[in-house]
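Peer 1: my questions are about this predicted structure, shown below with the sequence.
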Amino acid sequence: QVQLVESGGGLVQTGGSLRLSCAASGRPFTSSFMGWFRQAPGKEREFVAASGGSNTYYPNSVKGRFTISRDNAKNTVYLQMNSLKSEDTAVYYCAAGGAVVGGKYYGIDYWGKGTLVTVSS
């Protein structure tokens, strides 16, 4: 059974940093896309970052502030978030499978349950 378990969320002040982790189990994802989405209250889930092959992908809203990385030996993906803004407040979800096409991450096979990030001013 595949599981994605996020950790690292919490409360941080504007301008601060957090690093999220997502540990995958049940199968290796070495050759698969993995990434992150987020959903703020009252809003749709949105793409945040993805990693596939030797490439990384970000929307303009987080480019230059967020960095995705992977440790394939640990089957884990990370999201380093710097210069956090109040609009980054959301539940962050780990995703695995699928692919990035045209800057959008489609066809997710597996989702984590999410971790809450709250950025306070």
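Peer 2: Right, received. Where do you want to start? Owing to the predicted nature of the structure, the values given are computational and were not obtained by experimental measurement.
Peer 1: now do the same for the closest residue to Val2 other than its chain neighbours: its pLDDT.
Peer 2: In space, and not counting its chain neighbours, Val2 is closest to Gly26: 3.7 Å by CB to CB, 6 or more residues apart in numbering. For glycine as for every other residue, the C-beta is placed from the backbone atoms N, C-alpha and C. Note for Gly26: predicted pLDDT of 93.
Peer 1: surely Gly26 meets Leu4?
Peer 2: No - look at Gly26 against Leu4 with CB atoms under 8 Å: they stay out of range, at 9.0 Å.
Peer 1: what about the two, which has more around it?
Peer 2: The neighbour comparison of Gly26 against Leu4 (other CB atoms under 10 Å) goes to Leu4, with 23 against 11.
Peer 1: OK, contacts around the more buried one?
Peer 2: The contact partners of Leu4, taken as CB atoms under 8 Å, 6 or more residues apart in numbering, are 22-24, 94-96, 110-112.
Peer 1: ok, and the most crowded of those residues?
Peer 2: Tallying neighbours with other CB under 10 Å puts Cys94 at the head of the contacts of Leu4, with 28 neighbours.
Peer 1: okay, now the sheet partners of the helix or strand containing that residue, with direction.
Peer 2: According to DSSP states H and E, Cys94 maps onto strand 90-96. Using DSSP bridges, the strands paired with strand 90-96 in its sheet are strand 34-39 (antiparallel), strand 110-111 (antiparallel), strand 115-120 (antiparallel).
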